[in-house]
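J.: Fold the following, please.
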Amino acid sequence: MPNPLIYKGRASISNTAGRYEKQDSVADDDGWGSLDAELPPLKTETLIDSSKSVINYNDSPDLPFDRSINPYRGCEHGCIYCYARPSHAYLGLSPGLDFESRILIKPDAARVLREELGKRNYRCAPLALGTNTDPYQPLERQYKIMRQILEVLADVRHPVSIVTKSALVERDIDLLSEMAELGLVSVFLSVTTLDRKLARNLEPRAAAPQRRLEALAKLRAAGIPAGVMVAPVIPALNDHELENIVKAAHVAGAMSAEYILLRLPLEVADLFEEWLRENYPLKAGHVMNLVCDCRGGKTYDPAFPQRMTGTGSYADLLAQRFRLISKRLQLDQGLPALRTDLFRKPDESGQMSFDFFV
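T.: Numbers count the residues shown, from 1 in each chain. Reported below is the predicted structural model:
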């Protein structure tokens, strides 16, 4: 492997071209030891995504939703394990450093969403936000695209579920609490570890674990249905924390708990292993062996539904442990179902209505 590209605040240590590219570039030392010098900060670049639609539909049998929205493509949180990284290859960009530093934004997402919801053949069903990239990633503070989307959904009384690992979700408690009164929203906070050092290495620009738990507590205090998503569970790295994370979330007021086993599709497998060998060299072989043990001897098995929980004795043990702790803390019932009967088509004039709570 070439010298790792170690940038402060970034998880990836390479920027290998995506699987569709015919050429790749590799840094070469000029003889002056330039590759050994500390790299300057890698600035985030934003690109405009002018997609003509924002709702993505799926028919996956292991997902509890059939439609989702991603306000951003790429994610500045930089989680090294993110299964969405390969999507950057479709754009001619690297699933490595490009994924976390070259972010596509959808400034017209709210307007396009309103148009799609107003189509004659649209039928209401819960929308999911945060299933691919985080809608509350750092750029959201500046662009407020997620906030605008929520305003549209609130206006037309459309149900939405949210998954995030950002405390920025607290900013929208005013909207979320009003929607919660009508049974239109649920939120999951994703917590990977309670170890601040591990969190900093795994997901360098996401909120600290304790801040996510504080955000969870604030959501619950505002009457918003919220739970914890322990994801991903990484064998021999954070799996020993499974019970403690669920307990901490329970103390914070979580109503439900879920977990997902580490997923390493396509380029993510190599990126994760590079990161692992750089940051935890003594554990790397053991971690990857257990990952393969949970995936039928491969780094990943995309088959439904085991892609979420894995197979084999080690995966079965994780499932049993999670089932026991979630049942003991009464977090195994899931969040309340979202209502779809209140939905009303957007005003054809495009104006926001003024009788939301009439």
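J.: The residue nearest to T311 when sequence neighbours are not counted - how many residues pack around it?
T.: Nearest residue to T311, sequence neighbours excluded (CB to CB, 6 or more residues apart in numbering): G296, at 6.2 Å. C-beta here means a position set from N, CA and C on the backbone, and glycine is covered the same way. Counted with other CB atoms under 10 Å, the neighbours of G296 add up to 13.
J.: Is G296 in contact with Y314, as I believe?
T.: No: in this structure G296 lies outside contact range of Y314 using CB atoms under 8 Å: 11.9 Å.
J.: What residues of stretch 186-202 count as buried?
T.: Residues 186-194, 198-202 are the ones in stretch 186-202 that count as buried (16 or more other CB atoms under 10 Å).
J.: so where's the protein uncertain?
T.: For the chain, applying pLDDT under 70 flags the ranges 1-2, 27, 29, 32-36, 348-358.
J.: secondary structure element for Y259?
T.: Taking DSSP states H and E as the criterion, the element that holds Y259 is strand 257-261.
J.: which other residues reach that strand?
T.: Here strand 257-261 makes contact (CB atoms under 8 Å, 6 or more residues apart in numbering) with 188, 227-233, 242, 246, 249-250, 294, 308-310, 315, 318, 322, 325-326, 329, 331-332.
J.: CA atoms of it as CSV?
T.: Coordinates of each C-alpha in strand 257-261 appear next as CSV, following Å, rounded to 0.1, in the frame of the first residue of the first chain:
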residue,chain,number,x,y,z
ALA,A,257,-33.3,0.0,20.3
GLU,A,258,-32.0,-1.6,17.1
TYR,A,259,-28.6,-2.7,15.9
ILE,A,260,-26.9,-3.4,12.6
LEU,A,261,-23.8,-5.5,12.0
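J.: what sits up against the helix or strand following that strand?
T.: Proceeding N to C from strand 257-261, the next assigned helix or strand is helix 267-279, under DSSP H and E. Residues outside helix 267-279 that contact it (CB under 8 Å, 6+ apart) are 1, 4, 6, 11-14, 16, 18-19, 80-83, 85-86, 89, 95-96, 201, 262, 264, 283-284, 287-288, 299-300.
J.: Now the phi/psi pair for V54, please.
T.: phi -120, psi -20 (degrees, to the nearest 10).
J.: That one touches Y72, doesn't it?
T.: No: contact criterion CB under 8 Å: V54 and Y72 do not qualify, at 11.4 Å.
J.: Now do the shared contacts for these two.
T.: Joint contacts of V54 and Y72 (CB under 8 Å, 6+ apart) are K106.
J.: circling back: reformat the buried residues of stretch 186-202 as a markdown table; add secondary structure and distance to R147.
T.: Putting those into a markdown table (DSSP: H, G, I helix; E, B strand; the rest coil; distance: CB to CB, whole Å) gives the following:
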| residue | secondary structure | distance to R147 |
| --- | --- | --- |
| S186 | strand | 18 |
| V187 | strand | 15 |
| F188 | strand | 19 |
| L189 | strand | 18 |
| S190 | strand | 20 |
| V191 | coil | 23 |
| T192 | coil | 25 |
| T193 | coil | 28 |
| L194 | coil | 29 |
| L198 | helix | 31 |
| A199 | helix | 26 |
| R200 | helix | 27 |
| N201 | helix | 30 |
| L202 | helix | 27 |
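J.: Show me which pair in those residues is furthest apart.
T.: S186 and N201 (30.1 Å; CB to CB).
J.: Strands of this protein, residue ranges please.
T.: Counting by DSSP state E, the chain has strands at residues 45-48, 55-57, 67-69, 72-73, 102-105, 127-129, 160-164, 185-190, 226-233, 257-261.
J.: So for L117, which of those sits nearest?
T.: strand 55-57 (8.4 Å).
J.: so what does the closest one touch, helix or strand wise?
T.: strand 67-69 (3 or more CB pairs under 8 Å, 6 or more residues apart in numbering; DSSP states H and E).
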